[in-house]
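> Can you look at this prediction? I've put the sequence above it.
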Amino acid sequence: MRKTSLEWIYKLAKVDERVLFIGSDLGAGVLENMRQDMPDRWFMEGISEQHIIGMAAGLALEGFIPYVNTIATFLTRRCFEQIVIDLSLHSLPVRLIGNGGGVVYAPLGPTHQAIEDIAIMRVIPNMTVVAPCDADEMSRLMNRTLDWPGPIYIRLGKGGDDVVSENKHGFEIGKSITLRSSGEVLFVTTGIMTQRAVAAADLLNQENISTGVLHVHTLKPFDEQKLLESIEGVRLVVIAEEHVLSGGLGTIVIEVLSDSDLSTPPKIRRVAIPNKFPDKYGSQDNLLASWGLDASSLVKVVRENLIG
């Protein structure tokens, strides 16, 4: 995903002189083609994320569209005040691309795990929050970012994830996508949990448990209408996310349902990271499985709550 997003920054910069790149100690060779071709629109500022946000804000005020790329947890935790005051208060068109959303950096421990980034960013006025599920969807997203009003936070996976999105679904910021039609069960997911939900849904459908998947690539603005349409006739909704229980996709869904006029809402089950700092090290897949965020565990959740 990161490779795709960076390639798109260069593509956009070639067709729009307002586009520029600001990175934070991302290693040698990052966007080298852009550095060579457009040195006045390529900046690598080192480990100084708060400064980078202020710099991006100033450039946006001068008419540029800065694309900022750094590690997600530093971008969201460390720069919160600058993002609120410098960017969002003025609704500036800065694109914040966070590497390693969720537990991509699991081997590095809790300091590098962005497990509450969605909650942090979605509460900020004027902020748009997007979590694509694969590289193909990232391409469709990046093509939409150029003229989007206001700041955008883009949560990146590690890259190399299975492609489950399809070009036929298109991409519109603020509109969720049905990847499997709803039945008795509906998975509501975002980011790379969509792959796991699709795999679980396919297994359940083989057992004649009709299961749908609603992929919420945009968490803010949230597609309330699509959610309410998708849960019609559904007995069980399972919300699966690579994020802590508080403030993320599960919280959003519950907020929408609590404000709706549903007479008989479906049973809701949330599968997410516990609200505590992770104390385990390993791979992303190992940690997700330990929290029940793998396909087989999601199948088990459905069986336990639907069949009993």
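Looks like it came in fine.
> ranges for the helices of the stretch 151-300 of the chain?
If DSSP state H, counting those that start in this stretch is used as the criterion, the helices of the stretch 151-300 of the chain fall at 193-206, 224-230, 249-258, 284-290, 295-302.
> And what about residue 43, helix, strand or coil?
strand (DSSP: H, G, I helix; E, B strand; the rest coil).
> before we move on, the earlier item: tell me which of the helices of the stretch 151-300 of the chain lies nearest to residue 182.
When the helices of the stretch 151-300 of the chain are ranked by proximity to residue 182, the top entry is helix 224-230, at 5.2 Å, counting by CB to CB. Bear in mind the C-beta positions are built from the backbone N, C-alpha and C, glycine included.
> How about that closest one, which residues are buried there?
In terms of neighbour count (16 or more other CB atoms under 10 Å), helix 224-230 has its buried residues at 224, 226-227, 230.
> And the protein, split by domain according to the record?
Following the assignment in automatic domain parsing, the chain carries domains at 2-155, 167-307.
> how about the ones you listed in JSON lines, adding mean pLDDT and distance to residue 161?
As requested, the domains of the chain are arranged in JSON lines below (pLDDT from 0 to 100; distance: least, CB to CB, whole Å):
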{"stretch": "domain 2-155", "mean pLDDT": "94", "distance to residue 161": "5"}
{"stretch": "domain 167-307", "mean pLDDT": "95", "distance to residue 161": "5"}
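> Find the residue at the geometric middle of this structure.
Centroid check for the chain by CA atoms, centre = their mean gives residue 131 as the closest residue, at 1.8 Å.
> Would you confirm that it contacts residue 117?
No. Proximity of residue 131 to residue 117 does not meet the contact threshold set by CB atoms under 8 Å, at 9.3 Å.
> mind checking how far residue 301 is from residue 267?
11 Å (CB to CB, to the nearest Å).
> right, I mislabeled it, should have said residue 17
Residue 17 sits 53 Å away from residue 267 when distances are taken as CB to CB.
> More neighbours: residue 301 and residue 267, which one.
Set side by side, residue 301 and residue 267 show unequal neighbour counts under other CB atoms under 10 Å, the larger going to residue 301 at 19 against 12.
> what's near enough to touch the more buried one?
If you count contacts by CB atoms under 8 Å, 6 or more residues apart in numbering, residue 301 has them with 238, 269, 271, 292.
> Among the residues you listed, name the buried ones.
Burial by neighbour count, 16+ other CB under 10 Å: within the contacts of residue 301 this picks out 238, 269, 271.
> Nice, that's everything, thank you.
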